[in-house]
Each structure stands twice: as structure tokens, then as C-alpha cells.
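# the following comprises the amino acid sequence and a computationally predicted model.
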Amino acid sequence: MKADTTNLAVEYVTPTKLRTHPDNPRRGDIGAIYTSMKHHGVYTPVIAQRSTGHILVGNHRYLAMLEAGLTEIPVIWRDVDDETGIKIMLADNRSSDIATNDNRTILDLLMAMDSMDGTLYDDDDADNLRDLIEQEGHGLDRIMEEYGETDDEARAPTTGELLQVVDVTMAEPRQAVTAHEVWHIGRHILVVAKLLTEWPLWRDYLTEGVLFCPYPDPYLTMSDRARDETMLLVQPNTYLAGHLIDKHRSAFPDETVERIK
């Protein structure tokens, strides 16, 4: 799809021309945004629906601009109906939710700076990143050490045991995965593809009796429901797809896990 950039011109309007969206589910940190603005100024406009003035992207950025006393707000108008506007708002929130960070890269960048002022990180955050990086290197090893063997025989952790450690931070996956691959994960199918724009890659696998599971977390195949139903897993994030394969192999070593495309 060719990007439509014909309506991306930035205008400057008085604050009364805009209003926060009444249905926005996001609860942002206005204070953090305001702090960033004090250091760096305003570098991103808000996106708003022209017919209503409702802000679709940047609701809390707008509130921080008001807090900063701006009398002109940079805005990009979208000529869309109410439902499309809500879809834009939800998609922007969701794309942020499913993103991940490389903690090692963040820490390296912070440590290379003379000052962390303006980054919204501080010394305590840097210490927390160091702890997370250490956990990333030992998280899966700890799971298998705790649950992997008994005095009599090696065993995989049970579903309940694995779900108890669902919050363990993960390092790079052992299984390298690239976009557009298709995998058998036990009884399930994993397609590494974008949900909306690459649907031809996964639609044929969505047959009768198959449960559709977009954006699965790496532990989904360990759930009780996954034991009872066959799932189509569509995951565009290769990092999370790799971890899903790793976790399934660790939990169910006797099941087939193989790339079929």
C-alpha cells in the first residue's frame, strides 16, 4: 500500500480548536511528557479529527502543552468519520503496547551520556535495567533448574509451574525466526506475519474448529486452553515468536516443533 501523505501538513491552532477524545482508554503520564518538553521542546504534533476536534493521537501530549502554557498547538488534521477515528486511536495505543525494548541497548546509551537529564531515566532506572539484564541471562536457566529434573528422571515443568514465572524477563530467543515463516508448534500453527496487511499469509490456516489467537504471548501454548483447542497464532514480532517456540520446546520436549514454510 502506498502511503498517503497528502494530508500530513502541520497547522498551528489555538488550544480551543482541540479537545481530548472522550473515549480514549489510555492513561498517560502528563508530568513525564511535560518534563520532556522542558528539555527538548515540542517535536511531535497531535493528530485530530477535523469534524469534531477530537484528538486521536497525542491526547496527553496536548494536555502537557496546555500545562506548558502554549497558545498554539501543532496539529495534523484527519478527515475521517467517528469510527475510523477511534480505530486510529486504538491502533496507535496498541502498537505502543506490543512494542518491546532491548534493555542492554538502553543501558549502553544511558551510560554513554554525560547526563541522563531529559531522557526520563535516572540512576535508579539504570540500576533496575542492570538487574533486568542479569535476569535475562538466567531466567530460563532458573526455570529449568527448578523444575527440569527430579531425583528419578528429567521432566518438563507443568503448565501451572510455568505460569508462575510468566513475569520472568527474557533474553534473546534461542530459536531465530524471520518474518513470513510458518511453524507447527505441537498441535498449533504459528504464522510470523502482520495481522492486517499480511493476512493472505495466515488466512488459509484459519479453518473450522481452529481458535484464532493474534499477538500471542510466549506462554500461550502452556495454558490449559491450548491443551484442549487447536490455535492459529499470528505474531508479527519475531522476538516474541522465537520465545514462544523456545518456551513450548522447553515445556513439551516430546511434541513436534518445526518450520513448515
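All right, it came through fine.
# from here on, just use CA atoms for contacts and neighbour counts.
Noted.
# residue boundaries of the strands in this structure?
Secondary structure of the chain (DSSP state E): strands at 11-13, 46-49, 55-57, 73-78, 182-185, 188-191, 210-214, 230-234, 257-259.
# format those strands as TSV; extra columns: mean pLDDT.
Shown next, in TSV, are these (pLDDT from 0 to 100):
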stretch	mean pLDDT
strand 11-13	97
strand 46-49	97
strand 55-57	97
strand 73-78	97
strand 182-185	94
strand 188-191	95
strand 210-214	91
strand 230-234	93
strand 257-259	93
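# which one, of these, ends up nearest to residue 241?
Among the strands of the chain, strand 188-191 comes nearest to residue 241, with 8.0 Å by C-alpha to C-alpha.
# show me what that closest one pairs with in its sheet, parallel or antiparallel.
Using DSSP bridges, the strands paired with strand 188-191 in its sheet are strand 182-185 (antiparallel), strand 230-234 (parallel).
# buried stuff in it?
188, 189, 190, 191 (16 or more other C-alpha atoms under 10 Å).
# thinking again about what came up before, out of the strands paired with strand 188-191, which is the most enclosed?
strand 230-234 (a mean of 24; mean count of other C-alpha atoms under 10 Å).
# alpha carbons only: can I get that strand in CSV?
Output of strand 230-234 as CSV, limited to C-alpha atoms (Å, rounded to 0.1, in the frame of the first residue of the first chain):
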residue,chain,number,x,y,z
THR,A,230,-6.0,-26.1,18.2
MET,A,231,-4.8,-22.5,17.8
LEU,A,232,-3.7,-20.3,14.9
LEU,A,233,-1.1,-18.0,16.4
VAL,A,234,-0.3,-14.9,14.3
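# what's that strand in contact with?
Residues from elsewhere that reach strand 230-234, judged by C-alpha atoms under 8 Å, 6 or more residues apart in numbering: 187-195, 202, 205-206, 209-216.
# then stretch 15-30?
So stretch 15-30 is contacted by 48, 53-56, 59-64, 66, 71-73, 86, 89, 93 (C-alpha under 8 Å, 6+ apart).
# in PyMOL, select just the buried ones from the residues you listed.
Here is the PyMOL command that selects the buried residues among the contacts of stretch 15-30 (16+ other C-alpha under 10 Å):
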select buried, resi 48+53+54+55+56+59+60+61+62+63+64+73+86+89+93
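# returning to what we had before: which of the contacts of strand 230-234 are buried? Put it as a ChimeraX command.
Buried members of the contacts of strand 230-234, defined by 16+ other C-alpha under 10 Å, are picked up in ChimeraX with:
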select :187,188,189,190,191,192,193,194,195,202,205,211,212,214,215,216
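# residue ranges in the stretch 101-250 of the chain under the pLDDT threshold?
Applying pLDDT under 70 to the stretch 101-250 of the chain flags the ranges 135-171.
# same thing but at 80, please
Judged by pLDDT under 80, the stretch 101-250 of the chain has its weakly predicted residues at 101, 131-172, 196.
# find the residue at the geometric middle of this protein.
Nearest residue to the geometric centre of the chain (C-alpha atoms, centre = their mean): residue 98, 1.1 Å.
# report the separation between it and residue 228.
27 Å (C-alpha to C-alpha, to the nearest Å).
# try residue 176
Using C-alpha to C-alpha, residue 176 is found at 28 Å from residue 228.
# out of these two, which sits in the more crowded spot?
Shown here are residue 176 and residue 228; by other C-alpha atoms under 10 Å, residue 176 has more neighbours (13 against 9).
# phi, psi of that one?
When read as degrees, to the nearest 10, the backbone of residue 176 gives phi -70, psi 130.
# about what we covered before: quick one: closest of the strands paired with strand 188-191 to residue 79.
Of all the strands paired with strand 188-191, it is strand 230-234 that lies closest to residue 79, at 31.3 Å by C-alpha to C-alpha.
# quick one: the closest one to strand 210-214, angle?
Using axes from the mean of the first three to the mean of the last three C-alpha atoms, to 10 degrees, the inter-axis angle of strand 230-234 relative to strand 210-214 is 30 degrees.
# so what touches stretch 107-122?
Residues outside stretch 107-122 that contact it (C-alpha under 8 Å, 6+ apart) are 32, 35, 36, 39, 40, 126, 129, 130.
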